[in-house]
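Participant: Quick one, structure for this:
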Amino acid sequence: MQVVIAEDLALLRDGLSRLLRDNGFDVVAAVSDGDALIHAVSRERPDIAIVDIRLPPSFRDEGVRAALELRQRSPETAILVVSQYVELTYATELLSDGQGGVGYLLKDRIMDVADFVDAVRRVAEGGTALDPEVVAQLFSRQRAGPLEELTPRELEVLGLMAEGRSNAAIADQLVLTVGAVEKHIANILMKLRLPPSDTDHRRVLAVLAYLQGREDD
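Facilitator: Below you'll find the predicted structure:
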C-alpha cells in the first residue's frame, strides 16, 4: 500500500514515514507543502495521501485546499488529513462530495499507533475515519429532532458509526454481539430516516450527510 505524506515539520514527517514503513506501508514521497503534494500524487499515484491541514506558506488552509484539489484530480487516491485542532468547516468540505476514501484525525491520535494504522488502512481501502472529537462536535451542533429519539446506547453506536467503525469494531468496543449492533444500527437508520446499506462507508456517509444537513437547518 503506497503512501504520500505532506507535513511541514521535518521531525513529524520523518516520524510518520518511519511508523508507516514499520507497519508495512510503502512511503513513496514525503513533502512539506501543498504544491509538492499535488506533484507527488500526480507522479506516484499512491493509494493514500496523509496531509497536514496547515502547510506553507501561510499555514492556514493550504493543506486542505491541496487535498480538495486532489479529490478532483486524482479521485483514486484516498485522503487522510491530520490537524492540531478540530476545524469543522474543513471536515465538512472534505466529506461534501459524498465519496469514501477520506478521513480527518487529530494529530494526538497518531500516538496510538495501532488505531492510527487501522485508520490509514481503512481510508486507503475506500472507507472513512473521523476523529471522535469531530463527531462529538457535529453531534453537539444538532438541534431538537430525530436524534432525541435515539436511546443512549443507540447514540453510542451512532457515534462509532460516524467515526467509520465496522460492526465488529463497534461490537468489540461496546462489548456487544455483532447481531446486537446490527439491530441497533437498523433502529438508528429507521429513526433518522436514512436508507439501509450493506457497505460500511456508504452507511457512514449517510450518517454524516444527515449530521451536516441538520447543522445547516
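
Participant: So residue 17 sits against residue 5, correct?
Facilitator: Yes. Residue 17 is in contact with residue 5 according to C-beta atoms under 8 Å; the separation is 6.1 Å. In short, each C-beta sits where N, CA and C put it, glycine included.

Participant: which of those two has more neighbours?
Facilitator: Counted by other C-beta atoms under 10 Å, residue 17 and residue 5 do not tie: residue 5 has more neighbours, with 27 against 18.

Participant: hey, what's that one bridged with?
Facilitator: residue 30, residue 50 (DSSP bridges).

Participant: what about the closest residue in space to residue 2 that isn't next to it in sequence, distance to residue 29?
Facilitator: Spatial nearest neighbour of residue 2, excluding adjacent residues (C-beta to C-beta, 6 or more residues apart in numbering): residue 46 at 4.1 Å. According to C-beta to C-beta, to the nearest Å, residue 46 and residue 29 sit 8 Å apart.

Participant: And the strands in the protein?
Facilitator: Assigned by DSSP state E, the strands in the chain fall at 2-6, 26-31, 48-52, 78-83, 102-106, 128-130.

Participant: looking at these, which is closest to residue 37?
Facilitator: Closest approach to residue 37 among the strands of the chain (C-beta to C-beta): strand 2-6, 4.0 Å.

Participant: Now that closest one: average pLDDT?
Facilitator: The average pLDDT for strand 2-6 rounds to 98.

Participant: Could you do stretch 136-147 as well?
Facilitator: 71.

Participant: Endpoint to endpoint, it covers what distance?
Facilitator: End-to-end distance for stretch 136-147: 13 Å, by C-alpha to C-alpha, to the nearest Å.

Participant: and if you look at stretch 100-112?
Facilitator: First-to-last distance for stretch 100-112 - C-alpha to C-alpha - comes to 23 Å.

Participant: Now do the buried residues in it.
Facilitator: Of all the residues in stretch 100-112, those buried under the rule 16 or more other C-beta atoms under 10 Å are 100-105, 107, 109-110.

Participant: Mind listing residues that contact it?
Facilitator: 12, 16, 19, 48, 71, 77-86, 90-91, 94-95, 115-116, 119, 122-131, 133-134, 164, 201-202, 204-205 (C-beta atoms under 8 Å, 6 or more residues apart in numbering).

Participant: Ok, stretch 76-83 next?
Facilitator: With C-beta under 8 Å, 6+ apart, stretch 76-83 has contacts from 4, 7, 41, 45-54, 63-64, 67, 70-71, 90, 94, 100-107, 109-110, 119-120, 123-126, 129.

Participant: Restrict these to the buried ones and give me that as a PyMOL selection.
Facilitator: The buried residues among those can be selected in PyMOL (16+ other C-beta under 10 Å) with this line:
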select buried, resi 4+7+41+46+47+48+49+50+51+52+53+54+63+64+67+70+71+90+94+100+101+102+103+104+105+107+109+110+119+120+123+124+126+129
